[in-house]
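Trainee: Sequence below, structure please.
(chains A, B and C)
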Amino acid sequence: MTAVENEKSTVTVTLNGVEIEANPGELLIDAAERHGTYIPRFCYHSRMKPVGMCRMCLVEVDSGRGPALQPSCMIPVGEGMTVDTESEATKKAQDGVLEFLLINHPLDCPVCDKGGECPLQDQTVAFGPGESRFVEEKRHYEKPIPISDTVYLDRERCILCDRCTRFADDVAGDTLIHFMDRGNSTQVNTFPDEPFASYFSGNTVQICPVGALTAKPYRFKARPWDLEETISTAWIDSVGSRVTVQSSRNQVLRLLGVDADSVNWGWLSDKERFGFEALNSEDRLTAPMVRVDGRLESTGWAPALAAATDALRDVDPARIGVIGGARLTNESQYAWTKLAKGVLGTDNVDAQLGDGLPVEAVLGLPRATINQACTPGGTVILVGPDPKEDLGALFLRLRHAVVNDGTTLIELTPTRTGLSTIAGHSLHPKPGEVDLLAAALVDAVSGDARDAAGVPADAIAAAAAAISGPVTVVLGRASIAESAAITVDAAIALSQLEGVGFLSALRRGNVHGALDMGMAPGLLPGRVPLSTGCDAFDQVPTETGMDTIAMLEAAAAGDLDVLVLLGSDPLSDAPDADLAERGLAGAGTVIAVEMLPNASTLTHADLVLAAAAPTEVEGTFTNLEGRMSVAEQKVTPSGTSRADWMIAAELALRLGADLGVESPESIRAEIAAVSPVHAELTEAALADGRVEGVLISGSSIQAPTASGSSTPANDAYSLRLVAARRMYDNGTMLQASASSAGLAASVKVTLNPADFEKLGLDAGTVVKVISGRGELMAPLAADFGVPTGSAMIPANAPGSNANTLIDASASVTDVRVERA
Amino acid sequence: MSYFNADNLETAHEIISRYPRKKSALIPLLHLAQEQEGWVTDDAMRQIAELTDTTPAEVKGTGSFYEMFKFHPVGTYMINVCTNLACQLLGGEELLAHAEETLGIKAGGTTADGMFTIEDVECIAACTEAPCLQVNYRYKLRLTTDDLDQLIDDIRNGRATDIPEHGTLGLVRQHVPADAGAGIVAPEQATERPVWLARNDAVAEGGEG
Amino acid sequence: MPTYDYVPHAPGYVDNDGPKIVTSRFVHEDSHTLERYEATNGYEGLHRALDRTPADVHEEVRDAVVLGRGGAGFPAGVKWGFMPPGKFPYYLVVNGDESEPGTYKDRLLMERDPHQLIEGCLITCYALGLSQCFLYVRGEMPAAQENLAQALNEAYAKGYVGKNIMGTEFSVDITLTWGAGAYIVGEETALIESLEGNRGMPRLKPPFFPAAIGLYGQPTIVNNVETLSNLPWLLVNGSEQYKAHGSEASPGSRMVTVSGHVNRPGVFEIEQGVTTFRDLFYGDNFCRGIRNDNELKMFVPGGGSAPWFFPEQLDLPLEGRTVGAEGSMLGSGAIMVMDETTDAVKAALRLVRFYARESCGKCTPCREGTTWEERILQRILDGEGRPSDIDKLLDIADNISPGPYPVAADPSQGLAAVPFPPKQTTICPLGPSSVAPITSTIRRFRHEYEAKITKRDSIPVMAAPMSSDPVEVG
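Mentor: Residues are numbered from 1 along each chain as shown, chains lettered A, B, ... in the order given. Alright, predicted model coming up:
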């Protein structure tokens, strides 16, 4: 028997006279809670480092030298420890702390948003003194001050627990709020004129144990006891953060993060948290619309569906295209795939807008989960967008892993990211050459280091030497100005690393569900190619269809009679705005299925079918890991809008086909029956995975093959374009969210200051940026995080969109920058 | 956005170079900022944040914990009267009251001409010489109210040449010649045992032999 | 007979015929210069240390039982042994943030004999393999900063500090750094926080003491200025000579500061564990009696945090263990003497106010409790006290420091001493320290409180209204 086997795997602690088994290293407060004894606390939060400062969790602990009051949030369990959470001494200490907290806390519970769900209030009602012994004047501060566009701070209510400030510093890395002053004058505040402009500020409101922090979208909207809630999944991005959706009087009022161990740990980006505002916006489509004399006008469902059916009937399947679908639930995606591929017979279906990755790169490589990426001692190689901008909750998980768990981060990104300050190695290849850098990194692992993509050999060798433990590649498109093939080639190179897994960083809400449901050319539900067929479909296209770029090109050439925009906006989101415009103009009938009108709908849709929102339908989503989780209906659909799957079923019926779908549950049953990867999916499994979701693994898709393309050199006078997404952009959903709309920064052209001199320009100068495709005007900004020779322009920013410059048929886009 | 003048910026870099972590220089840099202007401006904190890889909120969060840092203009001469127990027993509070009356301001206030600020402070470590005070942290011991009047008069008339303006502390700075330093030791860089500890091994071996 | 008295260039220091382990050079006006230091056995201790093995030097210090002079009185040689082996680098942090009310011996040591401190640092770094030393001086002491900076610059120039010290392979840098006004930074974990550029808020210990996890997470020795200043003499004269001074439990000398109502207040170097409070207050070598021949009413025997003593305790020697058993502590040697004219409530309020102003704000009981105590005491002094205030004060105190609080015996009431230290609901002892003046004075002079109380409990005073500010609807 080895020594290890001899060791006890648990620690025995006597808790209130009963022996319990705790995990070694576990904090006393957690061990007690797991065994049914809740020790009151205000500063302790299980996802943050304990600070032991509120002193509410003091309990009597005897570690062999007699009982002493100890903060249970700071004390790890010890073998033989005796703990009394109910002793006289414990109770006196806790009552004392509670009284101390209350002496300066205002008695404004009746007008406080936290009233009814306030730990301090609950504790006081349960155990507090009947009346106050404090007869002096309470501490006064100016009543709530806005510390950002979204968050208000009431310092009189604050009990200085350090939760918000710890979150800002330790979790988000945005140390913009801080304790100021000392002792009894200590307060949380921002630096003058530097607001708490964090993408994650809403988390501080959620974890505030009193009503000191409140968020604008919820202030004075409801009382907690009037709220109904259901567990669901955030739909804004592909992380699939678990949330509770809370509503009152049939209106969604608040989203709170749910602590799913495998996903978001309770955290949300503000975009996920406050994005529900768009669903309540006045712009919501409440009825179908039809274009009459160039203008969209409301109409009834019967004429709208009739018009859509007329447009689709008897059309050559090759002349029908469907763009979009990432907004839909898995069930609606399945219904639409069945309509398009099984009824209409077209394979021209693409849930991505030319800004994503081919199916093979997402489903054809070994996949990793978020937890695998965050393995302590493991390595993350980032080949993709800045997670802080695109996938907020994933950013927080990765940041935690790197800062606290010794995970090594190696960035192969065109510019500095939100993780660069903590990354072990930040290598910035010349835009369009990340494939060369990835190949060089792999070769360096086996000892053959060389310069690549403008990155010196020693930097690559150092990064290669740092690779340890399980390796996860976070894979996505860092820039829509370079072709997907370059990213795919990088992935192929990195797939040679031993035991590597890939975590997709495609951004749109349910884009991974869309792929699983077959919404890509050549694909059928269940991660299978067309050739596998589908038993539930009357027919299956035999030829692989067109992707979004090809569809737009065909439409521009007059070769597409019907184009369905399934919650998509090619004008704003497709990399090539010029192509999108020509495609939409050249398509025969454009049918949009939408919640909110967008640029493409407003200018080009002939018919708009009003779709219900994620909180208005029942269904499931699939996140970037392939994890499926429920999205429950919380409120009724806006106006006469309908669930997307109902619209598909209705169109099919009118075309003489029966999709055979009656409810989301019946669709799930059909998915489980036809999809090899969903064979184990049952309602019971989904119910068990109410918090953590159900991971769908396996795939029949082949790994991608190298493109063999090479990136041309740019001339000395031009800069290579990097077009990256920002958290806050001109997106339809964001702009329809009242409290977030103003947060998108207007477009700037960011260069390395070293390039300024070469161009004879300065920061702030308004410049004209010219490509072979188009031009835009914007002021210049400086950032050493942008490599020389590159120009960074955000995609879809208010003002000008970088996609007006991009030629989707070229592998990279070079631009000239001139004084305007 | 630059706050420090050229000399002080050089000093700032030298100070930072003496710590394994830049943030450790935060308090000395706040002193340097206060020395330059007599108080700590927002611009100063922004530059200190840049120099130490922190945020302005962190700089102010640390700085505002310490009462020597002033975030608004104060008098050229800061008179800190101790009223803690040892001084209280021998007239510290009366001395403070006299100062307040003479200058027409309350503790915490600054005279209209910007010359004086009075503070009611805790023990300044000269307890046997009570009652005592510091002017810009220079001691004045066993003061009578007449002594205080004389002191104020001296300052007003430029005779207090031993007292630099508020913000200046020690007049001599540490300076380590480049070739004389052992080198700062950062945790991640020095995980090896210091060489001289090998002397312990030699004896241990010798003892065994 | 020589007439020992004040030394003009070291105001407050009294040169008498006591031991001269750390103050031997104070009589010289140029005691802070390298020239004087070298002329008076300077750096000889380091020289002798370098001729021995580091382990041997550590053993010498352990053997001498050099008690920490910062307040806690823990033996330095033992503290040095707590560092986990092999977890390099190790750091030395010198605690020169002397702020305890009534104390200023460290300031004198830094101002008057900076090289002695530097030499003590070097001996420590050599003995323990410490890779860098940070000398943290209180912000309000520019003269100490100046003299230490000057001394370090001289010492670097002469090769006493820095690379290859005295031509050996021993190399260490000393970084002079300074604070900015916060009493709590004298607490060693708060000092480390401050040195890392943070707010000086104490860290919880246990589980981790600085010797295990300190500056930048590395093993760190935090020693007081006076403690380290003992080492050069110790290395020159040896532990046997050192132990010839003082008592068996408390060898060597110690510096004490006696202030308040005595005829000759001063800073004295005394035989540790031998000299009694009576010797100090009334002895011709020391304070020469209470002013105006008044009666002694009470005294603070060891800094603002020490429970108070009364005439009954005058014959106790200044010995840590004895004083602890009698209900108080010696702390950093700050003794404040109060005669019969002193208002006990007013004096208690002044120290309570000190703790309220110096609370870091981290732990709820200290942040809220000390201010509450101060406000009640102020109210009593202002003539707004109510009968329930006295028990309320004691109960608030009990919520900061639960259980019987250390107090001196009171033979007149037949009450025994409660030994030091107190229990605490806070991380550090600052909050519990505020209880000392309250319990000390209420137990002994309750009648003085009662005499000041003028209001009945049934009369509402200063009701605490809710904020009348309109709530902003945003």
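Trainee: Let's see the pLDDT reported for the closest residue to A:Glu818 other than its chain neighbours.
Mentor: Of all residues not flanking A:Glu818 in the chain, A:Lys768 sits nearest, at 5.0 Å (Cβ to Cβ, 6 or more residues apart in numbering or on different chains). Placement of C-beta: from N, CA and C, glycine included. Note on A:Lys768: pLDDT of 96.
Trainee: Show me the beta-bridge partners of A:Lys768.
Mentor: A:Lys768 has these beta-bridge partners by DSSP bridges: A:Met777, A:Glu818.
Trainee: Test for you: state the pLDDT assigned to residue 27.
Mentor: All of this refers to chain A. pLDDT, A:Leu27: 96.
Trainee: wrong chain, I was asking about chain C
Mentor: So, for C:Val27, pLDDT stands at 94.
Trainee: B:Asp162: neighbour count?
Mentor: 8 (other Cβ atoms under 10 Å in any protein chain shown).
Trainee: hang on, C:Phe26 packs against C:Arg112?
Mentor: Yes - counting by Cβ atoms under 8 Å, C:Phe26 touches C:Arg112, with 5.2 Å between them.
Trainee: Find the residues that touch each one of the two.
Mentor: The contact sets of C:Phe26 and C:Arg112 overlap at C:Ala10, C:Tyr13 (Cβ atoms under 8 Å, 6 or more residues apart in numbering or on different chains).
Trainee: re the thing from before, could you report the separation of the residue nearest to A:Glu818 from A:Leu776?
Mentor: Noted for A:Lys768: a distance of 8 Å to A:Leu776, by Cβ to Cβ, to the nearest Å.
Trainee: Quick one: name whatever helix or strand follows the longest helix along chain A.
Mentor: In chain A, with assignment by DSSP state H, the single longest helix is helix A:88-103. Using DSSP states H and E, the next helix or strand after helix A:88-103 towards the C-terminus is helix A:119-127.
Trainee: what mean pLDDT would you report for that next one?
Mentor: Taken as a whole, helix A:119-127 has a mean pLDDT of 90.
Trainee: Tally up the residues packed near A:Glu88, please.
Mentor: Considering only other Cβ under 10 Å, A:Glu88 is surrounded by 10 other residues.
Trainee: got it, and B:Pro28?
Mentor: 26.
Trainee: One more: the one 3 residues further on?
Mentor: The criterion is other Cβ under 10 Å. On that basis, B:His31 has 25 neighbouring residues.
Trainee: Could you do B:Leu171 as well?
Mentor: Applying other Cβ under 10 Å, I find that B:Leu171 has 12 neighbouring residues.
Trainee: Contacts only, for it.
Mentor: B:Pro164, C:Pro142, C:Glu146.
Trainee: export those to JSON lines and tack on neighbour count and secondary structure?
Mentor: Output for those, formatted as JSON lines (neighbours: other Cβ atoms under 10 Å in any protein chain shown; DSSP: H, G, I helix; E, B strand; the rest coil):
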{"residue": "B:Pro164", "neighbour count": "17", "secondary structure": "coil"}
{"residue": "C:Pro142", "neighbour count": "23", "secondary structure": "helix"}
{"residue": "C:Glu146", "neighbour count": "20", "secondary structure": "helix"}
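Trainee: sec struct for the most centrally placed residue in chain C, please.
Mentor: The residue lying closest to the centre of chain C (Cα atoms, centre = their mean) is C:Ser332, at 3.2 Å. Under DSSP: H, G, I helix; E, B strand; the rest coil, C:Ser332 falls in the coil class.
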